[in-house]
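Student: everything below, folded, please.
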Amino acid sequence: MSAHCSRLTWRDVHLMHAPPGGILEEGRRKGSKENATPSVLAPVEHIRVDAEGVAWIAGTTTKVLEVVMDKLAHDWSPEEIQKQHYGEPSLAQIHAAFAYYYDHQAELDAEIERECKECAAMWEANRNSPVKTRLRSLGLIP
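Tutor: Reported below is the predicted structural model:
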């Protein structure tokens, strides 16, 4: 990185790349407060939280945690996650799921850990189930 680039702030970069009439109006970009129209952020409702506190991608049967775990377990890109979920949720919804995750990372990481422990406990409890014992005796599983 050049010495010049290291002095840029995020605001500088944002202003250099802001489209005309975009987030900041032309007058605001030039530093003038006259004739500047403030931007309006439109809320996008891609995530809903049910009565039990579980975050879902709105309009789907996909939990935010499912998308996050796809990324963590398989290192899938948003496009691959969309493909693996048969085209739903949309890329915007997948990115919203990641945004929700990063906004609530501590609690969602704790939920992931709890689910992993629960799965490990179920795996251990069923390691010597009657079905597995029978399949082992037939040489069908190790």
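
Student: where do the helices of the protein begin and end?
Tutor: 3-6, 10-17, 26-29, 64-74, 78-84, 91-103, 105-125, 130-137 (DSSP state H).

Student: average pLDDT for the second one?
Tutor: The average of the pLDDT scores along helix 10-17 is 47.

Student: show me where pLDDT drops low in this protein?
Tutor: By pLDDT under 70, the weakly predicted segments of the chain are 1-39, 41-43.

Student: domains for it, by residue range?
Tutor: Per automatic domain parsing, the domain ranges recorded for the chain read 1-42, 59-103, 107-142.

Student: of the helices of the chain, which is nearest residue 40?
Tutor: With C-beta to C-beta as the criterion, residue 40 lies closest to helix 26-29 of the helices of the chain, at 13.4 Å. Just so you know, the C-beta spots here come from the backbone N, C-alpha and C atoms, and that holds for glycine as well.

Student: so what's the spatially most central residue of the chain up against?
Tutor: Closest to where the C-alpha atoms of the chain average out (C-alpha atoms, centre = their mean) is residue 98, at 1.6 Å. Counting by C-beta atoms under 8 Å, 6 or more residues apart in numbering, residue 98 touches 67-68, 71, 78.
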